[in-house]
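1. Sequence and predicted structure below; questions after.
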Amino acid sequence: MNKVRLDIMALSHSVTQSHNYAVVLGEENGKRRLPIVIGGFEAQAIAVALENMTPNRPLTHDLFKNTLDAFNIEIKEVVINNLLDGIFYAQLICEQDGNVMQIDARTSDAISMAVRYGCPIYTFEFIMESAGVILDEDEETKTNAPTKPKGSSIETMSLAGLERLLEEALEKEDYERAAQIRDIITKKKSTES
């Protein structure tokens, strides 16, 4: 079976299921998208890795990566290998001393590990045909548009105030909000220089 390489296109609130998120994977060099509904904690684990944030304490996925690294096991790729009754299944393709192993994983966990290892994510054509969608240009623009933090009036705050908010968000381990605040700080610093 031919594999289809995917890139993470967006991480957003799920339109179909409240209190959940969706990670949208896009076909490399193609227009098809594969939306996968995930929970809030799983979305946070992916967002932390995507934003290269360092939490005060290691998250479960960081602990797992540290453990694999300690035993010289590297994740080479993630494969979303099945779709049954609306549930995606995935495998971590790992290598240790030249031996290749396949480890079953929840898709959200597999994606989170792929981000941490910087390894490719793949699926198969039959999954893209049954669950993939093609976005028109307007929808794609909305999907790729950055989201503003809750209470976007914080954009008018001083840098010192924003940095205090960032520290509070990190202490509360609200990494999604911390990433949004960090983006505003970065934007302010670039316009002031």
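-> That came in fine, so what should we check first?

2. Point out where this protein drops to low pLDDT.
-> Counting by pLDDT under 70, the chain has low-confidence residues at 14-18, 135-157, 170, 173, 192-193.

3. Could you chop it up by domain?
-> Each domain of the chain is listed here as a residue range: 3-144, 152-192, per automatic domain parsing.

4. Spell out, range by range, the helices that occur in the chain.
-> Using DSSP state H, the helices found in the chain span residues 40-50, 60-70, 107-117, 125-131, 137-144, 159-171, 175-192.

5. And the shortest one, what does it pack against?
-> To tie it back to what came earlier, the one meant is helix 125-131. strand 32-38, strand 74-84 (3 or more Cβ pairs under 8 Å, 6 or more residues apart in numbering; DSSP states H and E). The way it works is simple: take the backbone N, C-alpha and C, and place the C-beta from them, glycine included.

6. What sits closest to the residue nearest the centre of the chain if chain neighbours are left out?
-> Most central in the chain under Cα atoms, centre = their mean is Ile46, positioned 3.5 Å from the mean C-alpha point. Distances taken as Cβ to Cβ, 6 or more residues apart in numbering put Ser112 closest to Ile46, at 5.0 Å, once the chain neighbours are dropped.

7. for the one you found, what are its contacts?
-> The contact partners of Ser112, taken as Cβ atoms under 8 Å, 6 or more residues apart in numbering, are Glu42, Ala45, Ile46, Ala49, His61.

8. now with 6 Å?
-> Shown in contact with Ser112 (Cβ atoms under 6 Å, 6 or more residues apart in numbering): Ala45, Ile46, His61.

9. so Leu162 touches Lys187, yeah?
-> No: here Leu162 lies out of contact with Lys187, judged by Cβ atoms under 6 Å, at a distance of 10.2 Å.

10. who's more crowded, the two?
-> Leu162 (19 against 12; other Cβ atoms under 10 Å).

11. Skipping its backbone neighbours, what lies nearest the more buried one in space?
-> Distances taken as Cβ to Cβ, 6+ apart put Ile185 closest to Leu162, at 5.0 Å, once the chain neighbours are dropped.

12. I'd say that neighbour and Ala160 touch.
-> No: judged on Cβ under 6 Å, Ile185 makes no contact with Ala160 at a distance of 10.3 Å.

13. Among those two, which residue is more densely surrounded?
-> For Ile185 and Ala160, the more surrounded residue by other Cβ under 10 Å is Ile185, and the numbers stand at 15 against 8.

14. Right, I'll call it a day here.
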